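[1] predicted structure and sequence below. I'll ask about it afterward.
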Amino acid sequence: MSVTLLIVQTLNGLQFGVLLFLIAAGLTLVFGVMDFINLAHGVQYMLGAYLAVMFYALTGNFLIALIAALAAALLLGLLLEFTVFRHLYDRDHLEQVIATFGIILFLNQGVKVVWGAAPLSLPIPDMFAGTIVLSPGILYPVWRLMIIGSGLAVALILYLLVSRTRVGMLVRAGATHARIVSALGVDIRRLFMIVFGFGTMLAAFAGVMIAPILSVEPGMGDSVLILAFVVIVIGGIGSMRGAFIAALLIGLVDTLGRSFAIDILRLVMPPSPARTVGPAIASMLIYVLMALVLYFRPAGLFPAKGR
Amino acid sequence: MSLAVTSTPLARRFEALPIAIFLVLALAPLAASFGAETYLLGLFTRVMIYGIAALALDFICGYGGLVSFGHAAFVGIGAYTAGIFGAHGITDMAITLPVALLVSALFAWLTGTVCLRTKSVYFIMITLAFGQMIYFVAGSLSPYGGDDGLTLKLRSTLFGFPILQYDRALYYAVLAFLLVSYLLLRGIVASRFGRVFRGARDNPTRMATIGYDVFRYQRIAYVIAGSLGGLSGFLLANATEFVSPSFMSWQRSGELIIMVLFGGIGTLHGAIVGAAAFLVLEDMLGGITENWKLIFGPMLVLIVLFARGGLLGLAQSVWERLRRG
């Protein structure tokens, strides 16, 4: 286990954590404000990636593809909100789960029909291709740093939006006292739509940013969705700060666990069983972490006040 | 959160239904022998196996308000117990079945201890996460096939006799297990334990005030549901003679919830009808187009939006409208 590897894997973990935050932020906002479990949030991330690939093929410009993909994802998201989700807000969680599960089935298959089952790829923009020397002997891809940077920037913007603007104030109020907010004359439906649209765009943004280093394929949103659930449960549902911290925690624990589990186990057992047991333990790590957090704090690390 | 209520008068009117369901299942192989026997027998065996898992889920979901989104984990554990023992040449049910039940019960006890401390949406997500955990663990079991899974060389035997060797024998064995599970859960729901458990769904604070340890009751129920899930997995491994991590993917857990919802939540026998409806529908739509999920997905949305109470609920309201004229 070398220091170089440790630094690189820590950065990778950070990058993964930031990505998880982008997805979890929308999920936790939507749940916090509307009490709505949206399983289809993961397919919105997938759609972002697919739309970016499509617009890139049309225009050949990454920035245009990014903007167009975000706009298209927003439109699709609002369409879904308008036709389906809107009617689910006051249903119980079980029904929300089933209906959004149906949408996952539909969209995963739809993507397969439209773009084919084979994985697609999106090139890294030339400006950010290649690697950067962090210190002598440590090379790191620029694009991954870009993901970390843009993710942190989004986190900051979100923080300012939620804590400093009028809409942010309504969102905070809506998360704890939706009925009172509505009684005070705020159009809660419109607020819901804004929050939902925003969450959709965040997920799509994550999808576009990760597309150059991951293969774009049907079902790519499913595993990320579950990790995002783990994140918001650990962070405390409805809490943006909790989602941020939990996302980085999960990203780091998962990445470092996967790269060093075998090495660490070899300290206490012979190499051959270590190689068998290592991956199994590494893949369990974040769930064990979640279990521990919830055992001691059943409402997560930063429970949103008032629920 | 208002999950379906078990209104007794209506339930009593539909009392004939469970009997009819089991009669149909008992006679189905005879009818099947006139048609495509292996196909129908296989389909109905799967219906009954998933029926056991769905029954167990309906028990905790419908009567306890515990919406578990990780129930496929137990199915997987049961299946893997059969698979792993089989890989080491041990196929005797007298050993493997109790172990399968015990391991899934233990997993339910451990995860239940954590999950049940949380409520509503947290519970859904945590059970989902534990399901994923066991899914990834199964995928990393490289001695037992990893992601590809493993094949069972032999179906389970009982004291050395290959009693499940023939499909028809397997069918009736599964039917017997289904009947026992159904009667067991019905008994539990009607018992004092079941009343406490249902009370905890409707008003946990009140139950606690009366002096019941709600957590303990719910954990026992969760363990019962988990072991029945394990039983279902054990039978599934025998029916398909194959075990793989996909048995416990989160989509499978979702499908089990769909079955419960299809049949009408909180009815028990509805879960069997729901399992049949889901698997037959999957087969039929799959026969029309390989993109059957494009049809099935929107169907789910429509059922949630317009048919509350599932297919049986729908049938019931149509029936009542006809009677009223």
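    Good, I have the coordinates. Residues are numbered from 1 along each chain as shown, chains lettered A, B, ... in the order given.
[2] okay, now the unreliable bits of the chain?
    Went with chain A since none was named. A:1, A:304-307 (pLDDT under 70).
[3] hmm, no, I was thinking of chain B.
    B:1-14, B:35, B:160, B:308-310, B:325.
[4] which stretches in chain A count as helices?
    A:3-34, A:41-59, A:62-83, A:93-115, A:142-164, A:166-183, A:188-210, A:220-235, A:240-266, A:271-296 (DSSP state H).
[5] the fifth one versus helix A:240-266: what angle between them?
    When you say that, I think you mean helix A:142-164. Relative orientation of helix A:142-164 and helix A:240-266, computed by axes from the mean of the first three to the mean of the last three C-alpha atoms, to 10 degrees: 140 degrees.
[6] which other helices and strands contact helix A:142-164?
    Applying 3 or more C-beta pairs under 8 Å, 6 or more residues apart in numbering or on different chains; DSSP states H and E, one finds that helix A:142-164 contacts helix A:3-34, strand A:131-135, helix A:166-183, helix A:188-210, helix A:240-266. No exception for glycine: its C-beta is placed from N, CA and C like everyone else's.
[7] and of these, who's closest to chain B?
    For those, the distance to chain B is smallest for helix A:3-34, at 7.1 Å, taking C-beta to the nearest C-beta.
[8] tell me what that closest one is packed against?
    helix A:41-59, strand A:138-141, helix A:142-164, helix A:166-183, helix A:188-210, helix A:220-235, helix A:240-266.
[9] any idea how far apart the tips of stretch A:80-87 sit?
    Stretch A:80-87 stretches 11 Å from its first residue to its last (C-alpha to C-alpha, to the nearest Å).
[10] contacting residues around that stretch?
    Residues outside stretch A:80-87 that contact it (C-beta atoms under 8 Å, 6 or more residues apart in numbering or on different chains): A:36, A:38, A:40, A:99-100, A:103, A:189, A:192-193, A:196-197, B:301, B:305.
[11] quick check: the farthest pair among those residues?
    A:197 and B:305 (21.7 Å; C-beta to C-beta).
[12] ok, back up a step: how about the helices and strands packed on helix A:3-34 in a markdown table, adding mean neighbour count?
    Formatted as a markdown table, the helices and strands packed on helix A:3-34 follow (neighbours: other C-beta atoms under 10 Å in any protein chain shown):
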| stretch | mean neighbour count |
| --- | --- |
| helix A:41-59 | 24 |
| strand A:138-141 | 16 |
| helix A:142-164 | 16 |
| helix A:166-183 | 16 |
| helix A:188-210 | 23 |
| helix A:220-235 | 26 |
| helix A:240-266 | 21 |
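[13] tell me which of the ones you listed lies nearest to residue B:37.
    Across those, closest to residue B:37 is helix A:220-235 (C-beta to C-beta), at 37.1 Å.
[14] what does the stretch 101-250 of chain A put close to chain B?
    Applying C-beta under 8 Å from any C-beta of the partner chain, we find that the stretch 101-250 of chain A lies next to chain B at A:101-110, A:112-113, A:222, A:226, A:229-230, A:232-233, A:237.
[15] mind redoing it with 6 Å?
    A:101, A:102, A:105, A:106, A:109, A:113, A:226, A:229, A:230, A:233 (C-beta under 6 Å from any C-beta of the partner chain).
[16] and the closest residue to residue B:122 other than its chain neighbours, how close does it get to residue B:264?
    Leaving aside its chain neighbours, residue B:122 sits nearest to residue A:233 (6.0 Å; criterion: C-beta to C-beta, 6 or more residues apart in numbering or on different chains). As for residue A:233, its distance to residue B:264 is 30 Å (criterion: C-beta to C-beta, to the nearest Å).
[17] then residue B:18?
    Going from residue B:18 to residue B:264 by C-beta to C-beta gives 13 Å.
[18] so residue B:132, which state does it fall into?
    Look at residue B:132: counting by DSSP: H, G, I helix; E, B strand; the rest coil, its state is helix.
[19] could you count how many residues lie near it?
    27 (other C-beta atoms under 10 Å in any protein chain shown).
[20] residues touching it, list them.
    residue A:226 (C-beta atoms under 6 Å, 6 or more residues apart in numbering or on different chains).
[21] just residue A:37 next, same as before
    Residue A:37 touches A:93, A:96, A:97, B:121, counting by C-beta under 6 Å, 6+ apart.
[22] just the buried ones from those?
    A:93, A:96, A:97, B:121 (16 or more other C-beta atoms under 10 Å in any protein chain shown).
[23] this completes my enquiry, with thanks.
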